[in-house]
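Enquirer: here is my input, please return the structure:
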Amino acid sequence: MTTKITPAVAGIAALYFQKYPDATAAEVKAAILDQARQDAFTGAELPNNLWGYGKADAFRTLTGPWGCAPDDYTLPPQNLEVQILMPVKAKIGWDIIPNAAGYQVWYKPTGSPFSKIKAITNTRIISGLTPSTEYQVKIRAYCEGLGFSDFSETITFTTPPIKESTTIAETWINMYPNPASYTTTLEGIQAGAHVFVYALSGERLYATVTDDSQVLEIPVRNLPVGLYQVIISEPEHITTKTLQIVH
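Expert: Alright, predicted model coming up:
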């Protein structure tokens, strides 16, 4: 079986050397091969002549394989904290579990039943909160094929009152992936927000009004490669983001 170095693998190696400058070539090779993924396409019989050792995974190569193994998948996420707090929104974050397929965020006003929403990464924006209200939040990770971890510690915060000078920064709204090929997702938007996609020429290519899910998936696969403006118009403010489309 011939070993081939693709540009993607070379990029992963460069990132590894950046993080671990004293690593040897053998250590880099071992990290890439050990953390290569297998799936329905690669099959379980690896290495083979079609897929080699599997699909190279830059994230796992740099972070390691811990988390979501049979002996540790129940360990809860750590260091849950409120990163940004506003009258009607809160951005929370926690330490990432590299192999988690996702997370559940449970939140509630103190004394009420919990509501839950999904998170793909180790941050989440909770929208639709009530000003001057105490909330409780806890999270747990989901490990594919194993189940949920234990819950993190529960944290408590109080939303501030609304003030006329209050503005919400663009960091409230996440857009991923960016660059995008097929779809891009807006997270943390308010219900009833007007969302538009414009070409740099000024031509409007997409328009919609959001529901109450806080998440909007925008199809972009039919748009040509290039840069676009995404405009999110909410009652308090207008947010503009630049989207790059690649195919």
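Enquirer: what's the closest non-adjacent residue to Pro161?
Expert: Ser132 (4.7 Å; CB to CB, 6 or more residues apart in numbering). C-beta coordinates here come from the backbone N, C-alpha and C atoms, glycine included.
Enquirer: per-residue confidence at that neighbour?
Expert: We have a pLDDT of 87 for Ser132.
Enquirer: test my guess that it contacts Val88.
Expert: No. If you go by CB atoms under 8 Å, Ser132 and Val88 don't touch, sitting 10.9 Å apart.
Enquirer: quick revisit: the residue nearest to Pro161 sits in which helix or strand?
Expert: In the assignment (DSSP states H and E), Ser132 maps to no helix and no strand.
Enquirer: give the contact list for the most centrally placed residue in the chain.
Expert: Nearest to the geometric centre of the chain sits Thr121, at 3.2 Å (CA atoms, centre = their mean). With contact set as CB atoms under 8 Å, 6 or more residues apart in numbering, Thr121 has these partners: Ile96, Tyr176.
Enquirer: assign a three-state SS to it, would you?
Expert: Assigned by DSSP: H, G, I helix; E, B strand; the rest coil, the conformation of Thr121 is coil.
Enquirer: residue contacts, Thr185?
Expert: So Thr185 contacts Asn174, Met175, Tyr176, Pro177, Val215, Leu216, Glu217, Ile218 (CB under 8 Å, 6+ apart).
Enquirer: go through this protein and flag its longest strand.
Expert: Scanning the chain for the strand with the most residues, using DSSP state E, yields strand 134-143.
Enquirer: what helices or strands is that one leaning on?
Expert: strand 90-93, strand 102-109, strand 147-148, strand 155-158 (3 or more CB pairs under 8 Å, 6 or more residues apart in numbering; DSSP states H and E).
Enquirer: quick one, phi psi at Tyr16?
Expert: As for Tyr16, its main-chain torsions (degrees, to the nearest 10) stand at phi -60, psi -40.
Enquirer: which positions within the helix or strand Leu33 falls within qualify as buried?
Expert: Assigned by DSSP H and E, Leu33 falls within helix 25-34. Across helix 25-34, burial judged by 16 or more other CB atoms under 10 Å covers Val28, Ala31, Ile32, Leu33.
Enquirer: the last one contacts Tyr53, doesn't it?
Expert: Okay, so that is Leu33. Yes. Between Leu33 and Tyr53 there is a contact at 4.7 Å, judged by CB under 8 Å.
Enquirer: can you confirm Val9 is in a strand?
Expert: No. Assigned with three-state DSSP, Val9 falls outside any strand and is helix.
Enquirer: skipping adjacent residues, who's closest to it in space?
Expert: Ala56 (5.3 Å).
Enquirer: let me see the contact set for Gln78.
Expert: Residues Trp94, Asp95, Ser152 are the ones in contact with Gln78 under the rule CB under 8 Å, 6+ apart.
Enquirer: of the residues you listed, the lowest pLDDT goes to which?
Expert: Within the contacts of Gln78, pLDDT is lowest for Asp95, at 89.
Enquirer: number of residues surrounding it?
Expert: For Asp95, the neighbour count with other CB atoms under 10 Å is 12.
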